[in-house]
Each structure stands twice: as C-alpha cells, then as structure tokens.
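Undergrad: this is a predicted model, with the sequence first.
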Amino acid sequence: EMSILFCDIRSFTSISEKMTPAHNFGFVNAYLSRIGPVIRAHGGYIDKFMGDGVMAVFQQSPDDAVTAAVAMQQELHRYNETAATEGRHSFQAGIGINTGQMMLGTLGEADRMEGSVISDAVNLAARLEGLSKYYDTGILISQHTKQMLDKDRFCTRQIDLVRVKGKDQPVAIYEIIDPETDKAGTLKRAAISRFDEAVTLYRNQEFPAALAAFETILAANPQDGPAGIYIDRCRRLIADGWDAARWDGVETIETK
C-alpha cells in the first residue's frame with residue numbers, strides 16, 4: 001500500500017508553442033529541477049518523468065505525499081513571483097493523489113525495460129490530476145488518502161462525489177487548501193463550513209437553497225472554481241428538473 005502523486009503543468013501546449021524546442025527543454029528541466037528535490041525531501045520516489053509531468057510514489061505515509069504536494073505548489077508560487085521580472089513564463093500545475101494497493105515491478109521487453117507501479121489506485125491518481133484542472137484546484141486527493149491523513153495537519157474541504165472515466169464506483173474527492181496563501185486561499189479557508197453546508201444542501205436535493213449558498217461563496221471569492229461549477233449544476237437542475245428517486249449526487253466525468 002502506497003500513495004501515488006501525479007503532477008502536470010497546466011496548458012503546457014499553449015505555453016510551449018511560444019518557445020523554440022530548445023527553450024521548451026530548458027523550461028521543463030528548470031521546473032523539474034525545482035520539484036524533484038521537494039519530492040525526495042518528503043520521502044517520495046520519482047517513478048517517471050512524462051514530458052511536463054511527474055509520477056511519484058510515497059511508501060511511508062499519505063501525509064508525506066500531501067506535504068510534498070503542498071511544498072511543490074509553494075515552490076511554484078515562489079517561481080511565479082519572480083518569473084515576469086526575469087523574463088520567464090509563469091504557469092500553474094495540478095496535482096492528484098491517491099492511496100491504495102499497487103505492485104512495483106518491471107515493464108517492457110528484453111531490450112527496453114523500466115520499473116514502475118501498476119494498479120487501479122494509480123489510474124485514479126492520474127484521473128485526479130486531470131480533474132484538478134476541471135475544478136480549478138491546485139491539489140486534489142481521494143477519500144482513500146483523506147481517511148488516512150493526520151486529520152489536524154491539513155486544511156481540506158470535500159469538493160465532489162465523482163465517477164471517473166473507466167471506473168464504476170464513485171469516489172469522494174477533496175481539495176487541499178494549505179498552499180494557497182493569497183487572498184483567494186484565505187477566503188476558501190474562511191468559507192469551509194459554508195461550503196460544506198452548501199454541498200450538503202445539494203446532496204439533499206435542496207437545489208434553490210444550495211444555489212443561493214454557492215452564489216454567496218462565489219460573490220465573496222470569484223476565484224472559487226468548485227463553487228462556480230455547483231452554481232451551473234444547480235441552475236441546470238432547477239431549469240430542467242430531475243428524477244428525485246434516481247438522482248444520487250454523483251457526477252460522472254468522461255474526460256481523462
């Protein structure tokens with residue numbers, strides 16, 4: 001049982017098209033040279049680099065994986081603070097973390113082999129990294145990781161109950177807010193209870209009340225991506241109607 005972390009640069013295609021191939025390599029390697037040491041400093045092992053992405057494994061504790069993710073985002077914030085003045089591109093990155101059973105072994109054939117981990121738990125971590133872009137969040141973790149964390153160590157809020165592409169069972173996903181030190185992050189932390197109450201109203205099919213609650217949250221913090229998503233859902237359900245007996249509050253996400 002281990003925790004798996006996926007990290008990827010947001011909108012890398014848009015960023016890279018403005019660079020020469022040589023600048024692309026320099027940009028990616030400068031980024032990886034910053035986050036690689038952070039992963040190792042928190043007990044992680046880099047399984048592989050995937051272009052602008054990283055896959056890392058944490059064997060000891062899910063706390064290590066989440067602590068590394070927070071430190072990675074904080075390092076990125078420091079990079080972006082000086083990027084413009086030094087003529088570098090600023091960028092964002094999404095991180096997904098899951099915890100579960102997996103096997104470490106070798107893949108390939110006689111002339112080309114590599115070590116890696118394979119399991120359904122790995123696939124879910126990769127999906128969570130993709131969902132971080134959809135929800136406009138920096139770090140998403142699964143319920144499997146959340147239930148094993150030191151409950152007083154991190155600032156988390158439940159984001160959604162989703163069924164990701166390729167899986168039948170829904171999973172609860174949570175956002176880690178710790179690395180967000182700007183005004184938007186402060187507002188998210190201040191509104192955690194209100195956000196939880198709004199999600200509860202939504203799950204109880206009290207959509208007008210949920211809509212009003214999420215609108216209040218978004219008005220105070222226009223950068224709260226999940227609140228905006230819930231507002232769109234509530235408006236659509238109120239306008240189109242729903243089957244109360246069959247509606248289960250699970251959002252099916254078809255994209256990877």
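TA: That came through fine.
Undergrad: from here on, just use CA atoms for contacts and neighbour counts.
TA: Will do.
Undergrad: can you give me the strands for the protein?
TA: With strands called from DSSP state E, the chain shows them at 2-9, 44-50, 53-58, 93-100, 103-109, 112-118, 139-142, 156-164, 171-176, 251-253.
Undergrad: winner for burial among those?
TA: Most buried of those, by mean neighbour count (mean count of other C-alpha atoms under 10 Å): strand 139-142, with a mean of 28.
Undergrad: contacts for it next, please.
TA: Where contact means C-alpha atoms under 8 Å, 6 or more residues apart in numbering, the residues beyond strand 139-142 that reach it are 69-70, 94-99, 125, 128-129, 131-132, 171-177.
Undergrad: what do you get if the cut-off is 10 Å, keeping everything else the same?
TA: 5-7, 62, 65-66, 69-70, 73, 93-99, 121, 124-125, 127-133, 156-159, 161, 171-179 (C-alpha atoms under 10 Å, 6 or more residues apart in numbering).
Undergrad: where does the stretch 101-250 of the chain dip in pLDDT?
TA: In the predicted model, the stretch 101-250 of the chain carries pLDDT under 70 at residues 179-181.
Undergrad: now with 80?
TA: 110, 114-115, 165-167, 178-182, 184 (pLDDT under 80).
Undergrad: just the helices in it please.
TA: According to DSSP state H, counting those that start in this stretch, the stretch 101-250 of the chain carries its helices in the segments 120-134, 143-146, 183-190, 192-203, 207-220, 225-240.
Undergrad: same question for the last one: list its buried residues.
TA: Applying a neighbour-count criterion of 16 or more other C-alpha atoms under 10 Å, one finds 226-228, 230-231, 233-234 buried in helix 225-240.
Undergrad: farthest pair in these?
TA: Pro226 and Cys234 (12.3 Å; C-alpha to C-alpha).
Undergrad: shared neighbours of those two, anything?
TA: Phe214.
Undergrad: so which of the buried residues of helix 225-240 comes closest to Phe25?
TA: Taking C-alpha to C-alpha as the measure, Pro226 is the one of the buried residues of helix 225-240 closest to Phe25, at 33.3 Å.
Undergrad: name the nearest residue to that closest one, sequence neighbours excluded.
TA: The spatially closest residue to Pro226, leaving aside those adjacent along the chain, is Tyr135, at 5.4 Å (C-alpha to C-alpha, 6 or more residues apart in numbering).
Undergrad: isn't that neighbour right next to Val162, touching?
TA: No. With contacts defined as C-alpha atoms under 10 Å, Tyr135 does not count as touching Val162, sitting 11.8 Å away.
Undergrad: before we move on, back to that, nearest to Leu149, of the buried residues of helix 225-240?
TA: Nearest to Leu149 among these, counting by C-alpha to C-alpha, is Pro226 at 22.5 Å.
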